[in-house]
Every structure is written in C-alpha cells, then in structure tokens.
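Student: sequence-free structure coming up:
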C-alpha cells in the first residue's frame, strides 16, 4: 500500500513539474532526435521499456533486461557479466525502430526508470571515473580537466603515470569542468554526469514506474510484481557502497559556495522533477 502510494506521488510530481512549466517541457516525440532516445531499452516479449541512467543501478537492471531476452527459466542476472550488458547492440534500443513503432511501443508498453539524488550521483560518477583506475576517462576527460582547471599545462600521458606522480583530477576540478559553459558547448555532457531528465525525457514519456536508488530493493520487488515477473527473476542484491547524502558535506567542503549554487542550478530540474530536496546545508552557506 505504502509503496503504491509513493509511486503515485512520484508520478504526480512529474506531471505537475512538466505541466507547470510549458516552455521547458512541451516536447513532442517529433521534436526529439533519435540520438536522444538511446537510453531506452526495449523488451518486446514482455512489453517493457527501461530508460537507463548511468550511476543509478543501471548495470543490474541491464542484467535483468538481458536475462529476460533468454529462454525460460531465465538465468540469474547475477550470473551475467556486467561488461557484456554495456556492450553496444547487446540490448535492443527504442531508437532502432521506425518512428511509428516507437510511438506504439511508448503508448502500450510498461515504462520505467530509476533516479537518484543528483549530487550523490555526481560523487559516484567522479569516484568511479576519476578515482579508480580508468584509462579511457583519463584520456578523454582527465588530462583535459587537469590542463584547464588544475594548472597542469602538460599532464602525464597515462593514468598510471598520473597515479605514480600523485596527480589526480580533484572533485573541485571536476565541478569546475561541469560549470564551464564551454564544456556543454563542445558536446553534450557525458552520460555519467548528464542530467537525468535529459536522458529519459519524463515530460515526453509517461512513465508507469519511477524507482529511486535510495529505495532500490523494495522498488525493484514492487516493479517485478507489477510486471508479473516476481516468480521468474530476482533483482541482484546491492552490495556496492551506496553513497549516501551524509557524504555530501565532506565531498563539497573544498568546493566554493558560489560553485555549489551554480551546480545546483545546473541540476535543479532533476532535483525538482524527481522529488529530491534542495540541499540547504550545502547552498545556504
């Protein structure tokens, strides 16, 4: 009962936020390019569409979606390699279908997404891509960030050299990069830090279920019941360190107040749409 009520409130908030700001949100499918629908995974067999958001339980939900493409009895999602589900073309995406089919699926399928506190998601993305050993993100973003915001005209060539010399993109550098207007002008934000509403278009797509990372397990079992799959498949238990808002003050202590406020503006839509409180302790100085 309570979970059902929570769902209704989350969906109502989306309707109000989207309806209340016609200028920002009056999109039609025709106005959205195929490229912008690349986060929507389709399961024709069960009539499901899942919009995945990086750093919001997306590996585990992709494993579930992949299991459902196999023959019954479905393999345990835990047995499916996380690397496999992130490979291109492993799961069918909405934008691979012709427009009339896309519209029909969006109308008739059960659509769901999972969201998370926007600032906590940013910390998680930073830790995952810049704290951990990640050559790709170092080459694509790390060196550039060190050059522009850490006063390092010639950053080390590889992530190994950077680690050895004790040079690392700081959280503050990462925030400076996000706030720089040139970042977005060059290309859209990388999906790990792109605003959630920009990937899932909740004012255009009427979601049937809005899960929160903070209530991941109970939301997952509720959703599987709605999909009538609770006896066929289990959502993987989450053992990973679920970054909590308690970490926020620690993480943002080195970020100037002015930058925190600008960052909130950048992600304000996500806070409002998905019912996350404005973090007063970070923004009111």
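Tutor: Nice, thanks for sending it over. Owing to the predicted nature of the structure, the values given are computational and were not obtained by experimental measurement. Numbering: from 1, shown residues only.

Student: wait, is residue 90 part of a helix?
Tutor: No: counting by DSSP: H, G, I helix; E, B strand; the rest coil, residue 90 is not part of a helix but coil.

Student: so what touches the helix or strand hosting residue 41?
Tutor: If you go by DSSP states H and E, residue 41 is part of strand 40-43. With Cβ atoms under 8 Å, 6 or more residues apart in numbering as the test, strand 40-43 has contacts from 48-52, 62, 65, 68-69, 91-95, 97, 105, 109, 200, 205. Every C-beta, even on glycine, is put in place using the N, C-alpha and C of the backbone.

Student: report all helices and strands that the helix or strand that it is followed by contacts.
Tutor: Counting by DSSP H and E, the next helix or strand C-terminal to strand 40-43 is strand 48-51. Under the contact criterion of 3 or more Cβ pairs under 8 Å, 6 or more residues apart in numbering; DSSP states H and E, strand 48-51 touches strand 40-43, helix 58-67, strand 110-115.

Student: can you tell me the closest non-neighbouring residue to residue 208?
Tutor: Nearest residue to residue 208 in three dimensions, chain neighbours excluded: residue 110, at 5.0 Å (Cβ to Cβ, 6 or more residues apart in numbering).

Student: bridged to that neighbour, which residues?
Tutor: As for beta bridges, residue 110 partners with residue 48 under DSSP bridges.

Student: re the thing from before, which of the helices and strands packed on strand 48-51 sits closest to residue 228?
Tutor: Closest of the helices and strands packed on strand 48-51 to residue 228 is strand 110-115, at 10.0 Å (criterion: Cβ to Cβ).

Student: quick one: low-confidence residue ranges for this protein.
Tutor: 20-27, 239-245 (pLDDT under 70).

Student: before we move on, the earlier item: for the helices and strands packed on strand 48-51, give me a markdown table that also has distance to residue 136 and mean neighbour count.
Tutor: Output for these, formatted as a markdown table (distance: least, Cβ to Cβ, whole Å; neighbours: other Cβ atoms under 10 Å):
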| stretch | distance to residue 136 | mean neighbour count |
| --- | --- | --- |
| strand 40-43 | 22 | 22 |
| helix 58-67 | 17 | 22 |
| strand 110-115 | 24 | 23 |
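
Student: now those in JSON lines, with distance to residue 16?
Tutor: Below are the helices and strands packed on strand 48-51 laid out as JSON lines (distance: least, Cβ to Cβ, whole Å):
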{"stretch": "strand 40-43", "distance to residue 16": "23"}
{"stretch": "helix 58-67", "distance to residue 16": "26"}
{"stretch": "strand 110-115", "distance to residue 16": "16"}
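
Student: among those, which is nearest residue 215?
Tutor: Closest among those, using Cβ to Cβ: strand 110-115, at 10.0 Å.

Student: centroid residue for the protein?
Tutor: Among the residues of the chain, the one closest to the centroid is residue 53, at 2.7 Å (Cα atoms, centre = their mean).

Student: any idea how far residue 258 is from it?
Tutor: Going from residue 53 to residue 258 by Cβ to Cβ, to the nearest Å gives 28 Å.

Student: and the strands in the stretch 101-250 of the chain?
Tutor: Assigned by DSSP state E, counting those that start in this stretch, the stretch 101-250 of the chain shows strands spanning 110-115, 209-212.

Student: what sits against the residue lying closest to residue 3 once chain neighbours are set aside?
Tutor: Here the nearest residue to residue 3 in space, its sequence neighbours aside, is residue 222; by Cβ to Cβ, 6+ apart that works out to 4.8 Å. For residue 222, the contacting residues are 3, 4, 7, 209, by Cβ under 8 Å, 6+ apart.
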